[in-house]
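J.: build me a model from this:
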Amino acid sequence: MIELLAPALVACLLLACILSYFGLHVLLREVIFVDLALAQLAALGAAVGHLLSGHTDSFATYLYSFGFTLAGAGIFALARPARTRLPQEALIGIVYGVSAALVILLVSKSALDRNEVESMLTGRLLFAEWGEIGAMALVFGAVALLHFALRRQFLEISEQSRIHTWPTRHQKILDFVFYASFGVVVTSAVQLSGVLVVFGLLIVPASCAAIFFASNSNRLLAGWLIGTISSSAGIAASAIWDLPTGAAVVAALSVAFALAVAGSIFSLTPE
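T.: From the prediction side, this is the model:
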């Protein structure tokens, strides 16, 4: 049993580390559902790739998936709210809705069966293999190095995004790099773990940390800790009670958020 769940546990820990960091920026930018939109674009690209190549797990399908995600990164980077009545969340919702509808239309014309559609949209965390986890770790490591090198610029843009000032050309380029790297993470993560686990690990640890801490460094460390503990608890619950792994992880994250909200009632002001 341990050998079966070990790859899923390692995958969740990797996801918790990278997504807790992106969750910090997502909360600062107030674009909570951007990962759902990017994940849906990745699914749309996968559906297009399957329709054209006929192989759901082929490298060509992955390239289509990433290409659509990269297009979404360009849209979100160029559409920062400034001097406009259209909130960025509205654009994110439109991209998500249109992408979801197109996925349904494409799947209806493809040869995918129900299990393949479910795997494409919800992931296959329990069946993760060490080879693909290693590849995912390399991708996440490259993204982490990029963000470490540009950490001050990215944080400055995220903190200033609420002011709705007109972005400079340099800021637009950095915004595109941010969303493109986020898209790389989402594309890799969704294929393995599914949309719900990605969304949960992105938002819940960062939200729990934001309840108790004001500084970004403390929020990041707390987010890592909460994501790690919740993922481990979800994997353990999946093994003990024979539950779907991804759903168990999301349920554990929901318990962590409920405990954080309950604890906030008795806490003082954030540090």
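J.: got phi/psi on I211?
T.: Main-chain torsions, I211, degrees, to the nearest 10: phi -60, psi -40.
J.: no wait, A135
T.: phi -60, psi -40.
J.: which residue ranges form the helices in the stretch 1-150 of the chain?
T.: Here the stretch 1-150 of the chain has its helices, by DSSP state H, counting those that start in this stretch, at 2-29, 34-53, 59-78, 88-108, 114-122, 130-149.
J.: so of those helices, which one's packed in deepest?
T.: helix 34-53 (a mean of 24; mean count of other C-beta atoms under 10 Å). For every residue, glycine as well, the C-beta is placed using N, CA and C.
J.: and the angle from that one to helix 59-78?
T.: Angle of helix 34-53 versus helix 59-78, following axes from the mean of the first three to the mean of the last three C-alpha atoms, to 10 degrees, is 140 degrees.
J.: which secondary structure elements does helix 34-53 contact?
T.: Identification of packing neighbours for helix 34-53 by 3 or more C-beta pairs under 8 Å, 6 or more residues apart in numbering; DSSP states H and E yields helix 2-29, helix 59-78, helix 88-108, helix 114-122, helix 169-193, helix 195-212.
J.: put together TSV for these, with distance to T228 and mean pLDDT on each row.
T.: Shown next, in TSV, are the helices and strands packed on helix 34-53 (distance: least, C-beta to C-beta, whole Å; pLDDT from 0 to 100):
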stretch	distance to T228	mean pLDDT
helix 2-29	5	90
helix 59-78	26	86
helix 88-108	28	84
helix 114-122	23	58
helix 169-193	15	89
helix 195-212	9	92
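J.: make a markdown table out of the ones you listed and add distance to S264.
T.: Converted to a markdown table, those look like this (distance: least, C-beta to C-beta, whole Å):
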| stretch | distance to S264 |
| --- | --- |
| helix 2-29 | 15 |
| helix 59-78 | 31 |
| helix 88-108 | 25 |
| helix 114-122 | 32 |
| helix 169-193 | 28 |
| helix 195-212 | 5 |
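J.: among those helices, which comes closest to R151?
T.: Checking these against R151 by C-beta to C-beta gives helix 2-29 as the closest, at 9.7 Å.
J.: what's the neighbour count on A214?
T.: Using other C-beta atoms under 10 Å, A214 is surrounded by 10 other residues.
J.: let me know the distance separating it from E132.
T.: For A214, the distance to E132 equals 38 Å [C-beta to C-beta, to the nearest Å].
J.: that older thread, just put the helices of the stretch 1-150 of the chain in CSV and tack on distance to A260.
T.: Putting the helices of the stretch 1-150 of the chain into CSV (distance: least, C-beta to C-beta, whole Å) gives the following:
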stretch, distance to A260
helix 2-29, 14
helix 34-53, 20
helix 59-78, 28
helix 88-108, 23
helix 114-122, 26
helix 130-149, 25
